[in-house]
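Enquirer: take a look and give me a structure for this.
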Amino acid sequence: MTLPRLSNATLADLPAAVERPAYDRAAIETGIVHLGVGAFHRAHQAVYTDAVLKDDPRWGILGVSLRNPDTRDALEPQDGLYTVAAVDGAGARLKIVGSSTGLVVAPEDPARLVEILARPTTRIVTLTVTEKGYCHDPATGRLNESDPGIRRDLEHIDRPKTAIGFLAAGLKRRFEAGVAPFTVLSCDNLPANGETVKRILSRFAELVDPAFGRFVASEVAFPSSMVDRIVPATTEADHATIAAALGVADHWPVMTEPFSQWVIEDHFTLGRPDWASAGAEFVSDVKPYELMKLRLLNGSHSTIAYLGYLMGRGTVSEAMAVPALKQLVAGLMDEEITPTLPTLSGFDVGRYKRSLVERFENPALKHRTWQIAMDGSQKLPQRLLGTIRDRIAAGASFERLALGVAAWMRYVTGLDEDGAPIDVRDPLAARLKAIGEAGRGDARHMVAGYLEVREVFGADLAGHADFRATLERHLTKLLAQGARATVEGLA
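Expert: Next up, the predicted model:
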């Protein structure tokens, strides 16, 4: 039997326990354009926005896919509706999210997207394009001017392809027309993401036209934000579970955890939604929150992902079921990460760390270690290497942090501990694999090769003898003994 599809027409047929939009969707206006309509955005920012539309319908979200039409093709026949399932050991709470006012696919008509960005009614542009989507050098946080996409967009600013190119094209139209600029709000895991995007975009704009560059640097608001919610990839089993619960088919539901956090610097040029009423927190400085999350959650997550994958553990909860790895993560957070964090008034860091362990152990959340391991060359500078630099400056140990980095080096060789291929997804995958092959299983040569990837490690870490020696020691054990024995020997 073929189920009817989730849509405006079938909302009334859903079970009473399913939460649905509490507003007239026909009255919603587009005030936000979001670049990068992935699962995280749909489980996080779109949910916060959905909660405020009843009282302020000006803030509907036009979603933009920057590469392929999959999300548009799945959700457009559903009138943009989809299910968010917050799952834990007690079950699932289902919510239908209706904050979308439409979905566009940028490569199909880039000129139309530029025109939408230039409209005065577009007041905020938000982004979840992952670290690599900013076309920057992760080690310095600056625009990578040799990036092929950036070079191409500088020559074809009216028909861009990158997120940075689209932001610049929309702002340039507004600059030329005398229209106030939209606010650029990054929701990605970049350090000081607002400042970083401002630096990247201002430089791009300067290369287009110096006067335009000054406009972006002085007139555009770039509030930083910290986002936190674990959102694994949706599986076929998830589709079946949601369909059974709803009685209708949802072609792209989102699975997530009950926990959600959003901390935002309150700096917007053309107004903003009252996200605080939905649980977001507006602050004058997001850096302490961001640093805490990037290092404690994301740093631990990456360490779990690389070591867990090498142990043959497919999900984070399965990896955390290895006692030695759970012990290592606790020591990583308590002894090596926490001392690098600033004091946050009124914030209980011990409670936060305990909640992280509980979230990592959530058996209902099938967060794949392979998914977290993606794009490590872009993630490591923020998640682990910044913490290592602080530990080096303090003359303190970084054994567990370095093990996470060594596990990444082992992972990107492209072969697991049984000699089976690893599907390494990384902008530098081919280069990283070649370094591993050239090392021929010799940890010293492999570490030397990886440390030459300066866009990841910079010159300082590459030249630090103790860091190099620690990586060599850990990688030697990973290659000879395997991840589990190495962790058991350190935890």
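Enquirer: can I see the domain layout of the protein?
Expert: 8-283, 287-490 (automatic domain parsing).
Enquirer: okay, these in CSV with mean pLDDT, mean neighbour count and distance to T2 next?
Expert: Placement of C-beta: from N, CA and C, glycine included. Converted to CSV, those look like this (pLDDT from 0 to 100; neighbours: other Cβ atoms under 10 Å; distance: least, Cβ to Cβ, whole Å):
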stretch, mean pLDDT, mean neighbour count, distance to T2
domain 8-283, 96, 19, 8
domain 287-490, 96, 19, 27
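Enquirer: my guess is P57 contacts E29. True?
Expert: Yes: the pair P57 / E29 is scored as a contact, 6.0 Å apart, by Cβ atoms under 8 Å.
Enquirer: grab the nearest non-local neighbour of L461.
Expert: Sequence neighbours aside, F467 is the residue nearest to L461 in space, at 5.5 Å (criterion: Cβ to Cβ, 6 or more residues apart in numbering).
Enquirer: and the helix or strand containing the one you found, what does it pack onto?
Expert: Take DSSP states H and E as the rule and F467 turns out to sit in helix 465-481. The contact analysis (3 or more Cβ pairs under 8 Å, 6 or more residues apart in numbering; DSSP states H and E) places helix 465-481 against helix 386-393, helix 399-411, helix 443-451, helix 483-490.
Enquirer: how does it look with 7 Å?
Expert: helix 399-411, helix 443-451, helix 483-490 (3 or more Cβ pairs under 7 Å, 6 or more residues apart in numbering; DSSP states H and E).
Enquirer: the first one to helix 443-451, inter-axis angle?
Expert: Between the axis of helix 399-411 and that of helix 443-451 there is an angle of 90 degrees, by axes from the mean of the first three to the mean of the last three Cα atoms, to 10 degrees.
Enquirer: distance from the chain centre to the following helix or strand past helix 399-411, please.
Expert: Sequence-wise, the next helix or strand downstream of helix 399-411 (DSSP H and E) is helix 429-439. Distance of helix 429-439 from its chain centroid, counting by Cα atoms, centre = their mean, to the nearest Å, is 25 Å.
Enquirer: and for stretch 101-113?
Expert: On Cα atoms, centre = their mean, the centre of stretch 101-113 falls 22 Å from the chain's centre.
Enquirer: kindly report the same for stretch 404-415.
Expert: With Cα atoms, centre = their mean, you get 21 Å for stretch 404-415.
Enquirer: also stretch 387-404?
Expert: 24 Å.
Enquirer: ok, and what's touching it?
Expert: 295, 299, 302-303, 306, 328, 331-332, 336-337, 339-340, 384, 464, 467, 470-471, 474, 490 (Cβ atoms under 7 Å, 6 or more residues apart in numbering).
Enquirer: and if you look at stretch 278-294?
Expert: 48, 51-52, 189, 191-192, 224-226, 228, 262-266, 276, 341-342, 344, 382-383.
Enquirer: just the ones of those in strands?
Expert: 225-226, 228, 262-265 (DSSP state E).
Enquirer: dump those to JSON lines, plus distance to G36.
Expert: As requested, the ones in strands among the contacts of stretch 278-294 are exported to JSON lines (distance: Cβ to Cβ, whole Å):
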{"residue": "S225", "distance to G36": "14"}
{"residue": "M226", "distance to G36": "17"}
{"residue": "D228", "distance to G36": "17"}
{"residue": "W262", "distance to G36": "16"}
{"residue": "V263", "distance to G36": "20"}
{"residue": "I264", "distance to G36": "18"}
{"residue": "E265", "distance to G36": "20"}
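Enquirer: from the residues you listed, which single one is nearest R152?
Expert: Using Cβ to Cβ, S225 is the member of the ones in strands among the contacts of stretch 278-294 that sits closest to R152, with 28.8 Å.
Enquirer: now do the same contact list for H239.
Expert: Applying Cβ under 7 Å, 6+ apart, the residues near H239 are P253.
Enquirer: ok so L94 is a strand residue?
Expert: Yes: when DSSP: H, G, I helix; E, B strand; the rest coil is applied, L94 is found to be in a strand.
Enquirer: quick check: it vs D250, distance?
Expert: 10 Å (Cβ to Cβ, to the nearest Å).
Enquirer: need the residues touching each of those two.
Expert: T83.
Enquirer: ok so, going back, export the helices and strands packed on helix 465-481 to TSV and tack on distance to S65?
Expert: Below are the helices and strands packed on helix 465-481 laid out as TSV (distance: least, Cβ to Cβ, whole Å):
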stretch	distance to S65
helix 399-411	29
helix 443-451	33
helix 483-490	36
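Enquirer: so R468 is in contact with G449, correct?
Expert: No: under the criterion of Cβ atoms under 7 Å, R468 makes no contact with G449, lying 11.7 Å away.
Enquirer: wait, what's in contact with T162?
Expert: T162 neighbours (Cβ under 7 Å, 6+ apart): 135, 149-150, 153.
Enquirer: now the residue nearest to A27 when sequence neighbours are not counted: how far from G31?
Expert: Spatial nearest neighbour of A27, chain neighbours left out: P57 (4.9 Å); criterion: Cβ to Cβ, 6+ apart. P57 sits 9 Å away from G31, going by Cβ to Cβ.
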